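> dropping a prediction and its sequence here:
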Amino acid sequence: MEIKPPAIYEIDPIIYTPTIYLGGSNDNWRTNAISDIYKQIPTAVIYNPSREQIGIDVAEQVKWELDAQEEADVRFYYFSSDIESSITFLEIGLFGGQLSTSTVICVEPGFKLAVDLAVVCGRYGIEFAVGLNNGLTTVIDLIKNIGSNDQSDELN
């Protein structure tokens, strides 16, 4: 299920449903990413902050994005090589360190601040990937590990 602003997803406390936030460059990468994730994890709920609905004000959009990032099991931030995403750097600053085990930062080859991001990720234990396919593989692996840990907790 794909959730876009201003929609809200109500988490079921009994049945685990993996949730993923897709942050980063505003280009067309999300369509392919969502398709790839659903092939591996068809039950995933994906928070897609792309604003397609006209009439959502900026403050409402920002609040939705903050809520979605707080709720998501995994946060995925993608930087394409030709678009700078200053807001994404802010989001990483807010959520990256405190949620480092469930955050993935991904850059395309040629992204000019890749080294900066790699150093920060290395210091704070945040997953770092080069190339969208590698980043999505990391996200899928994290979700599968979270799901298997939740299931084993229920058995104990």
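Looks like it came in fine. Residues are numbered from 1 along each chain as shown.

> can you get me the start-to-end distance on stretch 110-128?
End-to-end distance of stretch 110-128 (CA to CA, to the nearest Å): 15 Å.

> show me what counts as buried in the one helix or strand Val62 maps to.
Taking DSSP states H and E as the criterion, Val62 maps to helix 58-71. Of the residues in helix 58-71, 64-65, 68-69 count as buried by neighbour count, 16 or more other CB atoms under 10 Å. Using the backbone N, CA and C atoms, a C-beta is placed for each residue, glycine as well.

> residue ranges with poor pLDDT in this protein?
52-55, 83-84, 96-99, 147-156 (pLDDT under 70).

> all the helices of it, residue numbers only.
29-40, 58-71, 86-95, 114-124, 132-155 (DSSP state H).

> okay, the ones you listed in TSV with distance to Lys4 next?
Rendered in TSV, the data for these read as follows (distance: least, CB to CB, whole Å):
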stretch	distance to Lys4
helix 29-40	10
helix 58-71	9
helix 86-95	17
helix 114-124	26
helix 132-155	19
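
> show me the one of those helices that comes nearest Ile15.
Ile15 lies closest, by CB to CB, to one member of the helices of the chain: helix 132-155, at 10.1 Å.

> quick revisit: which secondary structure elements does the helix holding Val62 contact?
The contact analysis (3 or more CB pairs under 8 Å, 6 or more residues apart in numbering; DSSP states H and E) places helix 58-71 against strand 19-24, strand 45-47, helix 86-95.
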